[in-house]
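Asker: One predicted model, sequence on top.
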Amino acid sequence: MPLQTNSAEKKRPLPLYALVFYGVLAFSLLIYLAAVLFSGFAAWFNGTVGAAVRALLAHLTSWLPFSLAEILLYALPLGIAAVGVLAWRRYCDTWRDTGRFLLSLLACVSLLFSLFVFSFGTGYHTPSLDQRLSLAPREVNGETLAHTLSRLVDEVNAAAESVSFEENGFSLMPYDLRELNGKLMTGYERLCEDYDFISSLKSRVKPVLASRAMSYTHITGVYTYFTGEANINVDFPPYTQPFTAAHELAHQRGIAREDEANFVAFLACVAADDAYIRYSAYLNLYEYVANALWEVDSEAYMTIAKGLLPAVKGELHAYAAFFEPLRDSAASSVSGAVNDTYLKLHGNEAGVYSYNLVVELAVAYFAQA
């Protein structure tokens, strides 16, 4: 009969692999604690050991035309069921066997945390991006936001002159995902020449197969640290995709904080020196700054927004129509809560609002540009 305690049973130690995994976990906790306490150590570890692990994972998975992480997610329920059957058949004869199995299983699961620390986690505790870019902090108020938004309107309009627009209002991305990836690699290569804290890496962006379902979560992209893949939602309108891809590629290069990944994505897109990618970068950043200005000075926002070219206004109206059916989905509430908790657990008190903090970096950047 299962789950009986046999007092005569010889006590067996945990398997060697489980003991090794627990040792790795303890070491990972020490590294993470050091990163939390010392930002200089976090920067060194993220730029050396972390960069090497991220590159290794990216190279191991880049040959796959699909997202391995997505397939693993779909296989997860089957895996859980298989583990349950295995446990019942082989490890439930006694309470001691059950406990030993659970401890071994926990040791295996702990590898996910260890991999997180070694590849990506210390990036949350590096010095802030404005320090690394030598950006002088600027007060974010109605005046500085209006100045930044005006500059962005000029840049968006200039880039839009070289962009084609379809009858549905959306702009036309003149290449596929593979070509986009190549152009973004060029942008990042140029960025790496100027900033040594951005890891040099050849990689590829992966399209999510279930992109339409993903849209209901309001997630446009995700970096999966355990496979080293930058994944994007290709259901979202074309103008969002270069910026989103660059954002996930920034994570892949060790930029962990969301606002900083947004700004590095902006810089990489501009460095790519392609009209459509620049258009994507400037328009996406415009939306962040426009939302911030609307909250503090709606009249200034409306005055500046009138300066957008009609085609660009049509793009934003088309996006609003696209997003309306997705706006209040239950899936977005769940994914938002999960992401908010995840970010706060890693020391980001702003949670999901941290994406919007890119506005502070934009204000500082355009004040000195």
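Answerer: Okay, I see it. Residues are numbered from 1 along each chain as shown.
Asker: alpha carbons only for contacts and neighbour counts from here, please
Answerer: Noted.
Asker: ranges for the strands of the protein?
Answerer: 205-207, 221-224, 229-232 (DSSP state E).
Asker: Sheet partners, orientation included, of the first one?
Answerer: When you say that, I think you mean strand 205-207. According to DSSP bridges, strand 205-207 forms sheet pairs with strand 229-232 (parallel).
Asker: Could the C-alpha coordinates of the strand it pairs with be exported in PDB?
Answerer: The C-alpha coordinates for strand 229-232 follow below in PDB (Å, rounded to 0.1, in the frame of the first residue of the first chain):
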ATOM      1  CA  GLU A 229      15.100  34.000 -26.800                       C
ATOM      2  CA  ALA A 230      13.700  37.300 -27.800                       C
ATOM      3  CA  ASN A 231      10.000  36.700 -28.800                       C
ATOM      4  CA  ILE A 232       7.600  39.200 -30.300                       C
END
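Asker: quick one, which of the strands of the chain is nearest to Gly254?
Answerer: strand 221-224 (10.7 Å; Cα to Cα).
Asker: Does Pro136 touch Leu129 like I think?
Answerer: Residue 136: Ala, not Pro. No: counting by Cα atoms under 8 Å, Ala136 does not reach Leu129; the two are 11.0 Å apart.
Asker: if you count what's nearby, which of those two comes out ahead?
Answerer: Leu129 (18 against 13; other Cα atoms under 10 Å).
Asker: I'd like the distance between the closest residue to that one other than its chain neighbours and Asp154.
Answerer: Excluding the flanking residues, the one nearest Leu129 by Cα to Cα, 6 or more residues apart in numbering is Glu260, at 6.2 Å. Glu260 sits 23 Å away from Asp154, going by Cα to Cα, to the nearest Å.
Asker: For those two, work out which one has more neighbours and name it.
Answerer: Glu260 (22 against 15).
Asker: And the residue nearest to Leu129, how far from Val36?
Answerer: Distance from Glu260 to Val36, by Cα to Cα: 18 Å.
Asker: quick one on the thing from earlier: what confidence value was assigned to the residue nearest to Leu129?
Answerer: As summarised for this prediction, Glu260 has a pLDDT of 94.
Asker: Next: Phe113.
Answerer: At Phe113, pLDDT is 91.
Asker: Just give the number of residues close to it.
Answerer: 17.
Asker: which non-adjacent residue is nearest it?
Answerer: Going by Cα to Cα, 6+ apart, Phe113 has Leu25 as its nearest residue, at 7.5 Å.
Asker: which stretches of the protein aren't confidently modelled?
Answerer: Confidence mapping of the chain against pLDDT under 70 gives the ranges 1-14, 83-84, 86-101, 103-104, 332, 336, 338-356, 369.
Asker: Go again with 50.
Answerer: Along the chain, segments meeting pLDDT under 50 span 1-9, 352-354.
Asker: neighbours around Ser298, how many?
Answerer: Ser298: 15 neighbours (other Cα under 10 Å).
Asker: Against Arg204, how distant is it?
Answerer: Computed as Cα to Cα, the Ser298 to Arg204 distance reads 40 Å.
Asker: I'd like to know how far the closest residue to Ser171 other than its chain neighbours sits from Lys306.
Answerer: Excluding its sequence neighbours, the residue lying closest to Ser171 (Cα to Cα, 6+ apart) is Phe165, at 4.1 Å. Using Cα to Cα, Phe165 is found at 19 Å from Lys306.
Asker: neighbour count winner among these two?
Answerer: The residue with more neighbours, out of Phe165 and Lys306, is Phe165; 16 against 11, by other Cα under 10 Å.
Asker: quick one on the thing from earlier: ok, the residue nearest to Ser171 touching Pro174?
Answerer: No: counting by Cα under 8 Å, Phe165 does not reach Pro174; the two are 10.6 Å apart.
Asker: which ones are touching the residue nearest to Phe113?
Answerer: Ser110, Leu111, Phe113, Ser114 (Cα atoms under 8 Å, 6 or more residues apart in numbering).
Asker: By neighbours, which of the residues you listed wins?
Answerer: Busiest of the contacts of Leu25 [other Cα under 10 Å] is Ser114, holding 22 neighbours.
Asker: My guess is that one contacts Val20. True?
Answerer: No: assessed by Cα under 8 Å, Ser114 is found out of contact with Val20, at 12.0 Å.
Asker: tell me the phi and psi of Gln64?
Answerer: Quick fix: residue 64 reads Leu, not Gln. The phi and psi values for Leu64, taken as degrees, to the nearest 10, are phi -80, psi 130.
Asker: quick one: it and Thr227, what's the gap?
Answerer: Distance from Leu64 to Thr227, by Cα to Cα: 11 Å.
Asker: more neighbours, the two?
Answerer: Remark: of Leu64 and Thr227, Thr227 carries more neighbours, 21 against 11, as counted by other Cα under 10 Å.
Asker: List phi and psi for that one.
Answerer: According to degrees, to the nearest 10, Thr227 has phi -120, psi -10.
Asker: got a list of what it touches?
Answerer: The neighbourhood of Thr227, defined by Cα under 8 Å, 6+ apart, consists of Leu57, Ala58, Thr61, Leu68, Ala69.
Asker: closest to Val140 among those residues?
Answerer: Distances from Val140 to the contacts of Thr227, taken by Cα to Cα, are shortest for Ala58, at 37.3 Å.
Asker: Contacts only, for that closest one.
Answerer: Ser203, Thr227, Gly228, Glu229.
Asker: ok, which pair from those is furthest apart?
Answerer: Largest separation among those by Cα to Cα: Ser203 and Thr227, giving 12.3 Å.
Asker: Tyr282 reaches Asp154, doesn't it?
Answerer: No: the pair Tyr282 / Asp154 is not scored as a contact, 9.4 Å apart, by Cα under 8 Å.
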